[in-house]
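Undergrad: 3D, please:
(4 chains)
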There are 4 protein chains.
Amino acid sequence: MTDSIRVGVLGARGRMGLEVCKAVDAADDLELVAMIDQGDPLFRAADKSAQVLVDFTNPDAVMANLQWAIEQGISVVVGTSGFTPQRQEQVRDWLARRPSVGVLIAPNFGIGAILMMQFAAKAARYFESVEIIEQHHPRKLDAPSGTSMHTAKLIADARAAAGSPPMPDATKEELAGARGATVDGVRVHSVRAAGLVAHQEVLFGSAGETLTIRHDSLDRVSFMPGVLLAVRSVLSHPGLTIGLDALLD
Amino acid sequence: MTDSIRVGVLGARGRMGLEVCKAVDAADDLELVAMIDQGDPLFRAADKSAQVLVDFTNPDAVMANLQWAIEQGISVVVGTSGFTPQRQEQVRDWLARRPSVGVLIAPNFGIGAILMMQFAAKAARYFESVEIIEQHHPRKLDAPSGTSMHTAKLIADARAAAGSPPMPDATKEELAGARGATVDGVRVHSVRAAGLVAHQEVLFGSAGETLTIRHDSLDRVSFMPGVLLAVRSVLSHPGLTIGLDALLD
Amino acid sequence: MTDSIRVGVLGARGRMGLEVCKAVDAADDLELVAMIDQGDPLFRAADKSAQVLVDFTNPDAVMANLQWAIEQGISVVVGTSGFTPQRQEQVRDWLARRPSVGVLIAPNFGIGAILMMQFAAKAARYFESVEIIEQHHPRKLDAPSGTSMHTAKLIADARAAAGSPPMPDATKEELAGARGATVDGVRVHSVRAAGLVAHQEVLFGSAGETLTIRHDSLDRVSFMPGVLLAVRSVLSHPGLTIGLDALLD
Amino acid sequence: MTDSIRVGVLGARGRMGLEVCKAVDAADDLELVAMIDQGDPLFRAADKSAQVLVDFTNPDAVMANLQWAIEQGISVVVGTSGFTPQRQEQVRDWLARRPSVGVLIAPNFGIGAILMMQFAAKAARYFESVEIIEQHHPRKLDAPSGTSMHTAKLIADARAAAGSPPMPDATKEELAGARGATVDGVRVHSVRAAGLVAHQEVLFGSAGETLTIRHDSLDRVSFMPGVLLAVRSVLSHPGLTIGLDALLD
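TA: Numbers count the residues shown, from 1 in each chain, chains lettered A, B, ... in the order given. The predicted structure follows:
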């Protein structure tokens, strides 16, 4: 058994941060050495010899956290949102001076969702038709969901690369909206109903067969395996990594 | 064992008519006594003492067939489309003079589809949310499907009768079409893809639970149990009956 | 607007009792007048003029609670388990002396689950085949689930009453267990996996079509609409009522 | 536009052979030059300068066909079953003397089914639990299906390679068969019902999420894209290739 990895959590009292603390604490090969939130000094993480920080703070705080950690030689797994290309460039600059440090920024730590997107991208070229049905709780503000839009883009890119012909669709009379929204040429349907949490189905079809990839996410605890995978991998991935995809062979 | 029912089929060489002939022939309690198509004389059905005729012809032929059959005292199961209220009234007039004769006109002989609609109508009042997702082959011309529009109407009526409040939906930013078409206040999503045949899902939800009723129809042979149920029932249902619903208890 | 119904909760600090308190408190037409748990005197419910008690206690406490409430003329909705035929008989005896009091004992307050069972019982006679697939979290001790066993019995009864022939099944070579458990002649398959909560699918099929009724239960909050329906109905249902079915028309 | 590939079909009057003839004929980049069945001389394929033969004959005929084709320098796509390791070895021997010839033997030409298995193998290491539910028409003789057994093996291999712990399962009381058959440590449930054709669902789960991969096959026409992919690829894949997997990047 190798030594365990020493982990600090930034944003430790937030909803996600708290789950991360619990998950790190429960993992045999990880040691939770610092729980830091607003008002706590960052240097506590260095004092405790943290090797990896997990940042679930907010867009206002995350850049200062990253600059400090990189300078200290501490690798970081980032779940905080708002990473524009400019911000990514800034992080790359900081890392250039600390080539052994790794930073992994992921918009989504759900391994199931990432696999769904990878599989959808791979299947895209082999089927005549594909549509996306995403289903969420009725408190969601946007339709379609961000994940479904991203999935549609991946599918569209794969079909374009393979030279796929347009999908067959003989619809002549349509009641407005029936055929869904068109995202990069892919139809996306957004269902909203009480009792739902977060679900997505990608339906591929060719004459005589369909292939369906469905992801159901019921609880934010489902992001923890992805966070832990990132923590375990970031030390051996110096430089900037965007997205968990690269870690799922 | 009672005597078997003597059945004639009008439109016997059409796609549906042929299936009906096969199904009647295969049923122990029914006897196929006449297969009649364009150019064949109707009186053959009377010569063979048919008790029930099944009409899968076309809107131009069906009224003359009905008038003749009712006069002969022969009951009829009708799958031919195009029955306006005026036509129904006409049939009622003819039947008034022959009170022992039964005519059953059904727009849909799929027992599964009819049960789906009955169940949806019953469940409607008990859930906060409901949406319909119908999925068909890409050669279909209309979206949403007729069945989904009818289902939406039944649900809307049940919710109105129960005084259900509007469904929760916080959508603020919508890409046009994402939330589907609105049919009588119920959202309907129409998926079209190669490999699909004819499918419909009705999704009900309240806090913490969902109830889904799904019908998959793969082959017109699935209409035969409904046709045979109608044939067996029409002799004991004098007068005009619209739809198979009345026969499913 | 009629006066609101005055409700007391027994077992008010248990998991279900607490949810009931919240749900009663949130309902416009109900007033939460007493929260009673182990060690609290029952007469507080009478002092507060409760009209209906909801009992989510335990099999050791529930009979004494019922005897007292019936004597006081207070109606009761019971979610506590363990009601043998002998216990039901005892409750009927007590009610005989108080004909205006209602007691409703329900093994399941999930309206979705009850509708699923009602629909399954109704559909049973119309299809050649039916199988049940129930899916639960891997901490569940028993397989199949109680709900699936009860559903199988309802289906078997309906098929027997309709004189349905045996289901078609040509299986000659079976790896032990592949075809599931046989409950009253109906095959039941029990899936256990992390990430699942409580789900059941009833699949009906005849040549060319299938009808699927699926219930997904994610949270015990889903039982509250059923509890409130019972509270609102029990005052107008004197005597003993078993199960919520009778209240869903 | 390159020249089209000249294709001959062996077993051309069989169910699959006939579909292959139609599919080759309909493809712009392929030319159907010979339709050969029992009693027809093989040399007609050589006379017509076929570059690729597709063999959907039977285990008694296929080896002689292969020996002849390889000697003639004609590549072959084989869908005929019964390829034991010994037979594969024999084919490799014949090919050793004709290094430019390609032979592709596939037990399954369904691209959807193959992708399902590839995706299942990839997802296997990332989830705590996985079970397979396969659903077929009731005339099927074996349970579980061959595809589900093969999928279970791929999953078991991937979990073993990743050092996955045993799946959680607290079942204490089981009615015989409820938890399905165990294939290489993976639970497989076989549903048989009228109205079904050939379906398989692989359900992965970890705390808070599930990922489901489902394949529905309704018609043997669904195998044609896989056959055509093999025909187009075999000329650039000399030697023996087993399975379509290698062609789906």
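Undergrad: In chain A, which residue sits closest to chain C?
TA: Here chain A gets closest to chain C at one residue, A:L218, 6.3 Å apart by C-beta to the nearest C-beta. From N, CA and C alone the C-beta is placed, and that goes for glycine too.
Undergrad: what's around A:Q72, how many residues?
TA: 15 (other C-beta atoms under 10 Å in any protein chain shown).
Undergrad: Give me the below-cutoff pLDDT ranges for chain A.
TA: Along chain A, segments meeting pLDDT under 70 span A:1-2.
Undergrad: Show the contacting residues for the residue nearest the centre of chain A.
TA: For chain A, the residue nearest the mean C-alpha position is A:N108 (1.4 Å; C-alpha atoms, centre = their mean). Shown in contact with A:N108 (C-beta atoms under 8 Å, 6 or more residues apart in numbering or on different chains): A:114, A:147, A:223, A:226, A:243-244.
Undergrad: Any residues of chain A in contact with chain C? List them.
TA: Counting by C-beta under 8 Å from any C-beta of the partner chain, chain A comes close to chain C at A:195, A:197, A:216, A:218, A:222.
Undergrad: How about the secondary structure of the last one?
TA: Local secondary structure at A:S222 is given as helix here, using DSSP: H, G, I helix; E, B strand; the rest coil.
Undergrad: I figured the residue of chain A closest to chain C hits D:S206, correct?
TA: No. If you go by C-beta atoms under 8 Å, A:L218 and D:S206 don't touch, sitting 10.8 Å apart.
Undergrad: which of the residues in the lengthiest helix in chain A are buried?
TA: Among the segments of chain A that qualify as a helix by DSSP state H, the longest is helix A:146-162. For helix A:146-162, a neighbour-count test (16 or more other C-beta atoms under 10 Å in any protein chain shown) marks A:147-156, A:158-159 as buried.
Undergrad: Need those in CSV (columns: distance to C:Q118).
TA: Converted to CSV, these look like this (distance: C-beta to C-beta, whole Å):
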residue, distance to C:Q118
A:T147, 36
A:S148, 35
A:M149, 40
A:H150, 41
A:T151, 37
A:A152, 39
A:K153, 44
A:L154, 43
A:I155, 41
A:A156, 44
A:A158, 45
A:R159, 45
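Undergrad: Farthest pair within the residues you listed?
TA: Pairwise distances among these were taken by C-beta to C-beta; the largest, 18.7 Å, belongs to A:T147 and A:R159.
Undergrad: Give me every residue in chain A lying close to chain D.
TA: Chain A comes close to chain D at residues A:110-112, A:115-116, A:118-119, A:122-123, A:126-127, A:204, A:206-225, A:248, as judged by C-beta under 8 Å from any C-beta.
Undergrad: Which ones among the residues you listed lie within strands?
TA: Judged by DSSP state E, the residues of chain A next to chain D include A:204, A:206, A:209-217 as members of strands.
Undergrad: that older thread, show me which of the residues of chain A next to chain C is closest to C:L42.
TA: Closest approach to C:L42 among the residues of chain A next to chain C (C-beta to C-beta): A:G195, at 35.8 Å.
Undergrad: C:V197 versus that closest one, what's the distance?
TA: 12 Å (C-beta to C-beta, to the nearest Å).
Undergrad: neighbour count winner among the two?
TA: Taking other C-beta under 10 Å, A:G195 and C:V197 do not tie; A:G195 has more neighbours (26 against 16).
Undergrad: follow-up on the earlier one: quick one: buried ones out of the contacts of A:N108?
TA: When those are checked for burial by 16+ other C-beta under 10 Å, the buried set is A:114, A:147, A:223, A:226, A:244.
Undergrad: and the third one, how far is that from A:A113?
TA: What it means is A:F223. The gap separating A:F223 from A:A113 is 9 Å, by C-beta to C-beta.
Undergrad: ok, back up a step: what distance separates the longest helix of chain A from the middle of the whole chain?
TA: Put simply, helix A:146-162 sits 16 Å off its chain's centre (C-alpha atoms, centre = their mean, to the nearest Å).
Undergrad: after that helix, next one along is what?
TA: strand A:173-174 (DSSP states H and E).
Undergrad: Contacts for that next one next, please.
TA: Counting by C-beta under 8 Å, 6+ apart, B:141-143, B:181, B:190 sit against strand A:173-174.
Undergrad: ok, that strand: who's next to it in the sheet?
TA: Using DSSP bridges, strand A:173-174 pairs in its sheet with strand B:142-143 (parallel).
Undergrad: how distant is the partner strand from the center of its chain?
TA: Here the centre of strand B:142-143 is set off from its chain's centre by 18 Å, with C-alpha atoms, centre = their mean.
Undergrad: repeat for stretch A:139-151
TA: 14 Å.
Undergrad: Ok, stretch A:131-144 next?
TA: With C-alpha atoms, centre = their mean as the basis, stretch A:131-144 stands 17 Å off its chain's centre.
Undergrad: If we go by neighbour counts, what in that stretch is buried?
TA: A:131-138, A:140, A:142-144.
Undergrad: how much space between A:I5 and B:A143?
TA: For A:I5, the distance to B:A143 (C-beta to C-beta) stands at 53 Å.
Undergrad: State the phi and psi torsions of A:V76.
TA: Backbone torsions for A:V76, taken as degrees, to the nearest 10, come to phi -140, psi 140.
Undergrad: From chain D, how far off is A:G11?
TA: Counting by C-beta to the nearest C-beta, to the nearest Å, the separation of A:G11 from chain D is 20 Å.
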